[in-house]
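Asks: Structure, please.
(chains A and B)
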Amino acid sequence: MANYRWRDSPDVVARLVNADKIQTFRTQEVLLKPNEACAFIVDGRIGDILTETKIASLAGGFSRWVGDQLGMTADDRRLLFAMTGPMDYWVPFEGGLQNGEMAKGYANLRMKLNTDDVPKLLNWFANNSPILTRDGVISILKDELHGRVITPSLASCASGADLRGADFLERFEMTAEMEMRNLLSNLGFTLLKAFPITNPTDMELVERHRAKIEAQMEGNAINLEAQKAEFANKEALTLQRIEMETNVARAHARGQVTVKLEHELKALRAQEATWAAELERDRGKVVLAQEDRKHASDVRIDEADAKSARAMDMFKQVQDRKAERISNQQEFQNQRMDSQNGVQVKMMEMAKDAGALTPEVMAEFLRQQTQQKAVDSDNPAPQGSNCNCGTALQPGWKACPNCGSAIG
Amino acid sequence: MIGTPIDVLPYIRGVQLILEGYHGYTKDKRIENDALVRGEIVRAAGRVRSHMQNIFDSEFKRDNMEHARAAKRCMEECDLLSEDVEKAPGGMEHAFLSGQRSPSMKDLKKLIKHDHDVIEMVTKATNIANSAEHSVAVEDENTQQFIMQATQKISSCRGFFGARANILKGLKTKKK
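Replies: Numbers count the residues shown, from 1 in each chain, chains lettered A, B, ... in the order given. Presented below is the predicted three-dimensional model:
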């Protein structure tokens, strides 16, 4: 058995085959895949519609020839093969928008043939060639699609931007679903999906060009900025390098100067040390001379002080002896006074005992005693007084031993 | 030979009420039964889609975008379910030398119960879609709710049908 191929190109959608015209010695068979269907039209009546099966003895072969010769087979046998899977059909279109722009593009229709609807294709095959291709389907649909779907849809768009909106796509699909049903149903097709793909309009091309130019200008500006930044970087780098080299040179020169100055400073410090030593030496000499002079002066002063101290000591000794003498004199006077007082007391007691103590006696006694006292204290020094210079005065002194002023 | 499990007979009867020719995966009729079940699911999904299509047309013309949008979403969900079911794995016809093991009684039970539940679910979705269209017709306030419920049912149905692949996947390796 030989396999009969009803479809030799991906564009073939359906084919009507007259089985009587397949006359071969070998029996033909055909294998129908799940997306293929075959409707039998036998003697003008639609028979079975098969899919997912193998049709044996489709045509040809000796037994069928014999049957034909004997008139035991059908007079007319046609096989209608069709693809039942979803297929895409691209219909080109061109139409105007509200603002006068022209929109070009393709309308995609995704359609399928239901197995039960395959015989409806006979409507088309009745007046056309027995092979239906994608282009054939498109030519059938084109005019009606333009008139009922594309033109009204485009006319509802104010500008090219509206063509890209989801609303337009949805409305396009719904319009196609409703308006194309009559035609598609007559042919046995079921519309699964419909959507337009529009090329950019002239205005959109202008906008695109403008956007491109602006992007290019912005790119150039960015490049320029980047270049300027690079130059600024280079400039800063160069300046920094020069500054660094200058600093290095300056530091080098400063180092040399410092070394030279330090050398000179060392010499100066050595000179200074020499001078300081000489100065110290001279100062030492002066100090020594001063010390010598001072020593000599001190010696003289000490000698004078010693003399003065000896004089004072001697004077003190004189004074002491004088004070002792006066003290002795005072003590003697006191003893004499005491003895006189004792005598007087005895005499008074005796007078009392004798009964001679009269007021006249008493008065005489007091008078004599007063005279005595006056004799005893003739020119006496005031007791316990001080001189104006602060020296304590002893009784019997005529003048202050310290300041020499007379004691009065 | 594995016969039809008795305890799943109620499920088979239930499916038979909808699908004439369904025998619960009896020997030599498993591929046909599988095709029947899948065809029924696709057909029910198509009915839901038709209801939603009507709602969509009506609401879109009224410029009621909320309902139209919801209906469109439900239609897309129906398309996805149909595609899932049409392109779902069906298992192998001959287990011998195919790398698969023969389905056990347990597998068949699972499949039959699963078929019943999926068909029941998609039937409910159809009823809800019908109610939604009726709601649009009488202009009550439950339209959106019905549409959303139908969408949810179809989505659940998609997920639930995916579990079938897991059952069939268990047949791919022979037990040693």
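Asks: got the buried residues for the longest helix seen in chain B?
Replies: In chain B, assigned by DSSP state H, the helix with the most residues is helix B:105-138. Buried residues in helix B:105-138, counted by 16 or more other CB atoms under 10 Å in any protein chain shown: B:107-119, B:121-133, B:135-136. Every C-beta, even on glycine, is put in place using the N, C-alpha and C of the backbone.
Asks: how deep is residue 88 tucked in, by neighbour count?
Replies: Using chain A. 11 (other CB atoms under 10 Å in any protein chain shown).
Asks: actually chain B
Replies: So residue B:88, with other CB under 10 Å, has 16 neighbours.
Asks: Leaving out sequence neighbours, find the closest residue to residue B:142.
Replies: residue B:135 (4.9 Å; CB to CB, 6 or more residues apart in numbering or on different chains).
Asks: residues in contact with that neighbour?
Replies: B:142-143, B:146 (CB atoms under 8 Å, 6 or more residues apart in numbering or on different chains).
Asks: Mind checking which of those land in helices?
Replies: Those of those lying in helices (DSSP H): B:143, B:146.
Asks: so which of the contacts of residue B:135 comes closest to chain A?
Replies: Minimum separation from chain A among these (CB to the nearest CB) is found for residue B:143, which lies at 16.9 Å.
Asks: Now for that closest one, how many residues are close by?
Replies: Residue B:143: 25 neighbours (other CB under 10 Å).
Asks: shouldn't it be in contact with residue B:55?
Replies: Yes - using CB atoms under 8 Å, residue B:143 makes contact with residue B:55 at a distance of 7.3 Å.
Asks: thinking again about what came up before, what about the residue nearest to residue B:142, distance to residue A:6?
Replies: From residue B:135 across to residue A:6, the span is 45 Å (CB to CB, to the nearest Å).
Asks: same thing with residue B:60?
Replies: From residue B:60 over to residue A:6 (counting by CB to CB), the distance is 38 Å.
Asks: Let me know the average pLDDT across the helix or strand hosting residue A:167.
Replies: Assigned by DSSP states H and E, residue A:167 falls within helix A:166-179. Taken as a whole, helix A:166-179 has an average pLDDT of 92.
Asks: Can you name the next helix or strand after it?
Replies: Criterion used, DSSP H and E; the element after helix A:166-179 is helix A:181-187.
Asks: Name the strands paired with the very next helix or strand once past that next one and say parallel or antiparallel.
Replies: Past helix A:181-187, further along toward the C-terminus, the next helix or strand under DSSP H and E is strand A:189-198. According to DSSP bridges, strand A:189-198 forms sheet pairs with strand A:102-113 (antiparallel).
Asks: how about the nearest residue to the residue most central in space within chain B, chain neighbours excluded?
Replies: Of all residues in chain B, the one closest to the mean position by CA atoms, centre = their mean is residue B:41, 3.7 Å from it. Spatial nearest neighbour of residue B:41, excluding adjacent residues (CB to CB, 6+ apart): residue B:85 at 4.9 Å.
Asks: I'd guessed that neighbour sits against residue B:164; true?
Replies: No - when contacts are counted by CB under 8 Å, residue B:85 is not listed as touching residue B:164 (9.2 Å).
Asks: tell me, how many neighbours does residue B:62 end up with?
Replies: 11.
Asks: So it versus chain A, what's the distance?
Replies: 12 Å (CB to the nearest CB, to the nearest Å).
Asks: quick one: secondary structure of residue A:37?
Replies: strand (DSSP: H, G, I helix; E, B strand; the rest coil).
Asks: in chain B, what spans have low per-residue confidence?
Replies: B:1-5, B:27-28, B:90-103, B:169-176 (pLDDT under 70).
Asks: what about the helices in it?
Replies: Counting by DSSP H, the helices of chain B are B:9-18, B:30-61, B:65-86, B:105-138, B:143-169.
Asks: Run the angle between the longest one and helix B:9-18 for me.
Replies: Angular relation of helix B:105-138 and helix B:9-18 on a 0 to 180 degree scale: 40 degrees, by axes from the mean of the first three to the mean of the last three CA atoms, to 10 degrees.
Asks: Give me the distance between helix B:105-138 and the centre of its chain.
Replies: 7 Å (CA atoms, centre = their mean, to the nearest Å).
Asks: who in chain A is up against chain B?
Replies: When proximity is defined as CB under 8 Å from any CB of the partner chain, chain A approaches chain B at A:34-35, A:52, A:84, A:86, A:112, A:114-115, A:170, A:173-174, A:177-178, A:181, A:190, A:192-193.
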